[in-house]
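J.: Give me a 3D structure for the following:
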Amino acid sequence: MAAGSVHGAAGLSFAEQEAAGGGGGRAAKGTRRPRGWTAVAFIIGFFAAASMASSSFGTPLASYLISRYNMKGNAATNVSNVYNGLLSFAPVVGAFVADSFWGRFRTMLFGSVFGVIGMVVITLSATIRQLKPPSCSAAARQAGTCAGPSALHRAVLYVGMGLLVVSAGGTNPTALPFGADQFDETNERHKAGLTRYFNWYYAVAMMATFLALTVIVYVQDKVSWGLGFAVPTVLTLVTFAVFLAGTAVYVYVPPEGSIFSSVARVVVASCRKWRLRLPHPDDARRQEEVLYSYSPPVAAAGNDGPRRVFRLPLTLQLSFLNKAAIVTDADEVRPDGSPARPWNLCSVQQVEEVKCLVKIIPMWVSGVVWFVVLTEMSNYTYIQALTMDLHMGSRFTIPPVSILAVFNLSVALSAPVFDLLISGAARYLTKAGGGGGGVTLLQRQGAGLVVGSLALVVAAAVERRRRDSALGHGDGVSPLSAFLLAPQLAVMGASGALSMIGQMEFYNTQFPDQMRTLANAAFYCAQGASSYLATLAVDVVNARTRRRGGSAGWVSDDINAGRIDYFYYTMAVLGAVNFVYFLVCSHFYRYKGEQAPESAGPELPSDTDSARTSGTEAALLKT
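T.: Coordinates of the predicted model:
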């Protein structure tokens with residue numbers, strides 16, 4: 001089916017829309033009744049397996065390249081950084097493809113196939129002798145006499161990594177919204193289930209990552225890398241087969257055209273009409289008279305009858321953009337109600353969608369800063385663990401990276417606690433019924449920012465104790481157990497259950513409906529941006545704290561010579577500043593479709609009225 005703009009389909013009847021959305025075996029949402037958790041049961045296992053596979057390769061990648069490909073430390077770190085950066089930004093491309101051309105299911109299917117093939121290639125490269133450099137002892141590696149990877153070795157490895165990047169572009173932005181598509185947001189029971197779905201989706205993903213950082217990483221470190229990659233690969237294959245078995249019950253939302261062209265039209269149209277003056281905000285009737293109030297179809301027919309589709313009302317925030325919807329004598333409207341020149345005249349729906357994007361940007365910035373704080377803690381907690389006692393009992397030792405699994409376990413446990421206890425109690429106390437929650441999305445994120453700053457204070461206190469014991473021990477290795485790092489990771493995990501999951505749900509509910517895939521891409525872009533900003537933060541702190549004579553600053557290559565505890569306190573202050581910034585932004589933020597109480601805009605015609613009125617008459621009121 002050719003991709004078309006949602007606004008351009010305005011003149012189609014219900015039957016025509018159903019035919020357009022359901023051609024080729026794909027049904028538009030509404031032509032098949034959403035099954036909720038029944039459909040999600042087929043895909044949640046695949047989400048978990050994909051998370052496990054991604055973590056089992058991406059997290060220990062630098063260690064893998066050093067120990068198995070005999071790369072130098074800096075070279076391995078650079079390859080790892082490039083790979084993880086591409087992994088974070090690839091979802092932007094996938095979101096565009098899904099929204100404009102293929103739809104979520106087809107894009108996710110494409111990415112899943114590439115992911116399975118990529119993991120198979122990675123597993124073979126770690127197993128077949130001819131596809132990897134010869135083994136090298138630790139002494140030879142220290143002396144620099146190990147044979148490096150050949151062109152063939154690098155080619156096979158990079159092909160596997162490239163396939164995984166393509167897979168991330170296809171699956172990361174579509175997996176969560178595809179599951180959300182299985183719920184009917186106009187049904188109160190489904191609406192409550194959708195809220196719970198966001199919590200459990202991330203809980204399952206974090207639990208899978210926890211297993212990857214403990215069981216799988218241990219197999220890689222103590223048994224073989226090949227087996228460590230083979231286990232998640234097999235699990236992915238099995239759960240992918242289960243995912244395909246559920247195709248008969250899934251709801252498939254067709255692509256609705258590129259939202260970027262719609263955004264560009266609103267910006268161009270409002271700039272072209274910048275000289276026009278809007279009526280006074282208090283004159284709601286006058287606002288209604290001069291604004292083009294045409295909207296897309298507001299219902300879709302299906303097996304379970306017509307269902308209402310959410311339509312954005314006119315708001316007075318960012319009112320400059322409202323000029324794009326002003327009808328002038330030069331504007332021509334076709335018989336079906338659509339503008340003859342879409343770069344001159346836009347609908348209220350288009351204008352409000354652009355406002356949604358603009359209003360989200362300040363909140364997204366706050367989310368990036370939270371990810372910076374998380375990245376700094378993760379990086380230096382791992383370095384702390386390298387200098388501590390890794391024994392669990394008298395004989396068993398854990399890989400240093402496994403200590404980070406405490407964060408994932410904390411998120412996995414905290415998310416259901418929030419969903420079942422805290423959120424439930426808040427709904428009861430505030431007497432919020434149905435799918436509503438007593439804790440709003442912004443309140444949840446704000447609480448996560450506070451808890452995150454507290455986690456850094458805990459980390460600073462632990463680091464001071466670790467450093468003192470390491471310096472007092474003589475050899476620079478602390479006799480303290482690495483599990484002393486668990487509390488700071490557990491507190492940060494609780495912060496993640498509030499802030500990280502809150503961000504994901506916020507983007508998925510506050511982005512325009514047809515941009516839900518892009519919402520997930522924004523979430524992953526925040527993680528990617530935080531990786532680069534975290535490096536910048538370290539450079540800035542070192543530049544400001546470097547002593548005379550060229551000695552290192554707080555974040556030194558030798559962790560015992562630096563002052564990571566001071567650095568943690570600095571990050572805690574950054575988190576506190578971010579919280580204040582978040583409070584200011586959230587004060588001015590209005591949820592999608594919500595009017596400011598002191599400046600409510602004009603009320604658009606109701607869905608029923610629009611359905612009864614013919615195209616141009618319902619769409620156009622000229623000045």
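
J.: Which parts of this protein belong to which domain?
T.: 33-138+146-256, 259-289+313-346, 355-430+437-592 (the TED database).

J.: Any chance of the ones you listed in CSV with mean neighbour count as columns?
T.: The C-beta positions use only the backbone N, C-alpha and C, and glycine is treated the same way. Shown next, in CSV, are the domains of the chain (neighbours: other Cβ atoms under 10 Å):
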stretch, mean neighbour count
domain 33-138+146-256, 20
domain 259-289+313-346, 17
domain 355-430+437-592, 19
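
J.: Compare the ones you listed and say which comes out lowest on pLDDT.
T.: Lowest mean pLDDT within these: domain 259-289+313-346, at a mean of 77.

J.: what about that domain, start to end distance?
T.: End-to-end distance for domain 259-289+313-346: 13 Å, by Cα to Cα, to the nearest Å.

J.: so how far is it from its chain's centroid?
T.: 32 Å (Cα atoms, centre = their mean, to the nearest Å).

J.: can you pull the contacts of the spatially most central residue of the chain?
T.: With distances taken as Cα atoms, centre = their mean, Phe523 lies nearest the centre of the chain, 2.8 Å away. For Phe523, the contact set (Cβ atoms under 8 Å, 6 or more residues apart in numbering) comprises 367, 503-504, 507.

J.: Over to Val231?
T.: 56, 216, 219.

J.: Could you name the helices and strands sitting against the helix or strand containing the last one?
T.: Translated: Val219. Assigned by DSSP states H and E, Val219 belongs to helix 217-222. With contacts taken as 3 or more Cβ pairs under 8 Å, 6 or more residues apart in numbering; DSSP states H and E, helix 217-222 sits against helix 225-245.

J.: C-terminal to the helix it packs on, what's the next element?
T.: helix 259-272.

J.: ok, residues contacting that following helix?
T.: Residues contacting helix 259-272 (Cβ under 8 Å, 6+ apart): 5, 7, 96, 99, 320-324, 342-346, 350-351, 353-354, 357, 512, 514-515, 518.

J.: on that earlier part again, in JSON lines: the contacts of Phe523, plus distance to Leu316.
T.: Shown next, in JSON lines, are those (distance: Cβ to Cβ, whole Å):
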{"residue": "Gly367", "distance to Leu316": "26"}
{"residue": "Gln503", "distance to Leu316": "27"}
{"residue": "Met504", "distance to Leu316": "29"}
{"residue": "Tyr507", "distance to Leu316": "24"}
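
J.: List the ones among the residues you listed that fall in helices.
T.: 367, 503-504, 507 (DSSP state H).

J.: got a list of what Leu176 touches?
T.: 198, 201, 504, 508, 520.

J.: what does Gln130 give?
T.: Leu152.

J.: and which of the contacts of Leu176 is nearest Leu314?
T.: Asn508 (23.5 Å; Cβ to Cβ).

J.: ok, that closest one to Gly115 distance?
T.: 22 Å (Cβ to Cβ, to the nearest Å).

J.: Specify the local secondary structure of Leu276.
T.: coil (DSSP: H, G, I helix; E, B strand; the rest coil).

J.: isn't it right up against Thr328?
T.: Yes - shown here, Leu276 and Thr328 form a contact pair, counting by Cβ atoms under 8 Å, at 7.5 Å.

J.: How is Asp558 assigned, secondary-structure-wise?
T.: From three-state DSSP, the assignment for Asp558 is coil.

J.: tell me the phi and psi of it?
T.: phi -90, psi 110 (degrees, to the nearest 10).

J.: Distance check, it against Gly476.
T.: 8 Å.

J.: How about Ala41: what's its closest non-neighbour residue?
T.: Nearest residue to Ala41, sequence neighbours excluded (Cβ to Cβ, 6 or more residues apart in numbering): Gly246, at 7.7 Å.

J.: can you check Asn578 too?
T.: Using Cβ to Cβ, 6+ apart, the closest residue to Asn578 is Val369 (4.3 Å).

J.: Output the contacting helices and strands for the helix or strand that contains that neighbour.
T.: In this assignment (DSSP H and E), Val369 forms part of helix 348-386. Secondary-structure packing of helix 348-386 (3+ Cβ pairs under 8 Å, 6+ apart): helix 259-272, helix 441-473, helix 486-510, helix 516-545, helix 564-588.

J.: Apply 10 Å and report the result again.
T.: Counting contacts by 3 or more Cβ pairs under 10 Å, 6 or more residues apart in numbering; DSSP states H and E, helix 348-386 is packed against helix 259-272, helix 405-417, helix 441-473, helix 486-510, helix 516-545, helix 564-588.

J.: and the direction of it versus that of helix 405-417, what angle?
T.: Angular relation of helix 348-386 and helix 405-417 on a 0 to 180 degree scale: 140 degrees, by axes from the mean of the first three to the mean of the last three Cα atoms, to 10 degrees.

J.: Just the residues contacting the next helix or strand after helix 348-386, thanks.
T.: Going down the chain from helix 348-386, the next helix or strand is strand 391-392, by DSSP H and E. Applying Cβ atoms under 10 Å, 6 or more residues apart in numbering, the set of residues contacting strand 391-392 from outside is 397-398, 402, 481-483.
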